[in-house]
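Enquirer: Quick one, fold the following:
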Amino acid sequence: FETTVQIENIRQTALIIEMDEEELHANKQAIVTFRFRNRCEYVLKGSRLIFRSGQQTQNMPQDLMMMKQVPYPN
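Expert: Numbering: from 1, shown residues only. Modelled structure (predicted):
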């Protein structure tokens, strides 16, 4: 599914590719693989990450761990 991802000054729609939890609620942790929809972005480890889906906003933990980078399609 698609969601809006906000990381510092980046706000862009992203496609959720994989998630280790069935559902993600506030104050919960999950490993999420996503790909930005429009253009690739440079994201620093430790940046604050917010998922927005419709009227709901999910704040993720302060520590953003980069597990892997998914190649950007040409």
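
Enquirer: State which strand of the protein is the longest.
Expert: Counting by DSSP state E, the longest strand found in the chain is strand 10-19.

Enquirer: can you count the residues close to K45?
Expert: K45 has 8 neighbouring residues, counting by other C-beta atoms under 10 Å. In short, each C-beta sits where N, CA and C put it, glycine included.

Enquirer: Equivalent analysis for L49, please.
Expert: That count, for L49 with other C-beta under 10 Å as the rule, works out to 19.

Enquirer: Specify the beta-bridge partners of it.
Expert: I7 (DSSP bridges).

Enquirer: my guess is I16 contacts V32, does it?
Expert: Yes: in terms of C-beta atoms under 8 Å, I16 counts as a neighbour of V32; the distance is 6.4 Å.

Enquirer: neighbour count winner among the two?
Expert: V32 (19 against 16).

Enquirer: Give me the nearest residue to the more buried one, chain neighbours excluded.
Expert: Leaving out its chain neighbours, the residue that sits closest to V32 by C-beta to C-beta, 6 or more residues apart in numbering is M19, at 5.0 Å.

Enquirer: pLDDT of stretch 47-63, averaged?
Expert: Mean per-residue pLDDT for stretch 47-63: 64.

Enquirer: My error: substitute stretch 35-44 in the last question.
Expert: On average, stretch 35-44 scores 86.

Enquirer: Buried residues of it, list them for me.
Expert: For stretch 35-44, a neighbour-count test (16 or more other C-beta atoms under 10 Å) marks 36, 43 as buried.

Enquirer: With stretch 3-19 instead?
Expert: Neighbour-count burial for stretch 3-19 [16+ other C-beta under 10 Å]: 3, 5, 7, 14, 16.

Enquirer: Was I right to think the first one contacts I16?
Expert: The reference is to T3. Yes: contact criterion C-beta under 8 Å: T3 and I16 qualify, at 6.3 Å.

Enquirer: Now the common contact residues for those two.
Expert: F34 (C-beta atoms under 8 Å, 6 or more residues apart in numbering).
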